[in-house]
Every structure is written in structure tokens, then in C-alpha cells.
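K.L.:
let's see this in three dimensions:
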Amino acid sequence: MKRSFLPLMIGVLAACSRQTEQTYTVDEPIADEALLAGIIAKCRNNPGELRDTPNCGNAEAADGKLRLQHMRKSLGG
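P.N.:
Numbers count the residues shown, from 1 in each chain. Sure, this is the predicted structure:
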């Protein structure tokens, strides 16, 4: 009885644990601008909770990189 109780409790705790959102690298939103726009919109709609999350930081960095790339292109570089 004791041996079956432990796996049961582990299963219950795993099912109740909070699911984490996938963390994107800086390069992933650069490759998919729709993903980037979605992450930035989500972060700007809830800055109090999401401002310091890895996805928001990486999305802001990706946005900055894309802006620089677009500026270079428009200037002929």
C-alpha cells in the first residue's frame, strides 16, 4: 500500500503543477515576426507581471535587432 501511495502522490502533484510557457531565444522571434509581435503585445498588455520574464526580454532584444537590420537595409548597407 505504501509503495503505491508515493507514485500516486507524485502523479497528483505533477498534474497540479503550473505549466510553464516555452522560452524563446532572441533568434526565434527574429525568424518569425508574427511570433515576435504576439510576444511583444502580450508583454505590453501586462507589464507588471511579464516585464522581467525571459520571453519579454528576448522579444525586446529581437525587436531591437530587427529595427537595426531594417535601418541598415534602408540605408543601403
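K.L.:
give me the nearest residue to P29, chain neighbours excluded.
P.N.:
Distances taken as C-beta to C-beta, 6 or more residues apart in numbering place L36 nearest to P29, at 3.6 Å, with adjacent residues excluded. In short, each C-beta sits where N, CA and C put it, glycine included.
K.L.:
in this structure the one you found contacts A61, no?
P.N.:
No - the pair L36 / A61 is not scored as a contact, 10.5 Å apart, by C-beta atoms under 8 Å.
K.L.:
more neighbours: which of these two?
P.N.:
Each of L36 and A61 has its neighbours counted (other C-beta atoms under 10 Å); L36 has more, 21 against 15.
K.L.:
mind listing what's buried in whichever strand or helix holds the more buried one?
P.N.:
When elements are defined using DSSP states H and E, L36 is found to belong to helix 33-45. For helix 33-45, burial by neighbour count (16 or more other C-beta atoms under 10 Å) applies to L36, I39, I40, C43.
K.L.:
who touches the first one in this structure?
P.N.:
Okay, so that is L36. By C-beta atoms under 8 Å, 6 or more residues apart in numbering, the contact set of L36 is P29, I30, A59, A62, D63, L66.
K.L.:
which of the residues you listed are buried?
P.N.:
Using 16+ other C-beta under 10 Å as the burial test, those include P29, I30, A59, A62, D63 as buried.
K.L.:
the closest residue to the fourth one other than its chain neighbours sits in which helix or strand?
P.N.:
Which is A62. With C-beta to C-beta, 6+ apart as the measure, P29 is the residue that lies nearest to A62, at 4.1 Å, once sequence neighbours are left out. In this structure, P29 is located in helix 27-31 according to DSSP H and E.
K.L.:
ok, now how distant is E33 from G76?
P.N.:
Distance check for E33 against G76: by C-beta to C-beta, to the nearest Å, it reads 22 Å.
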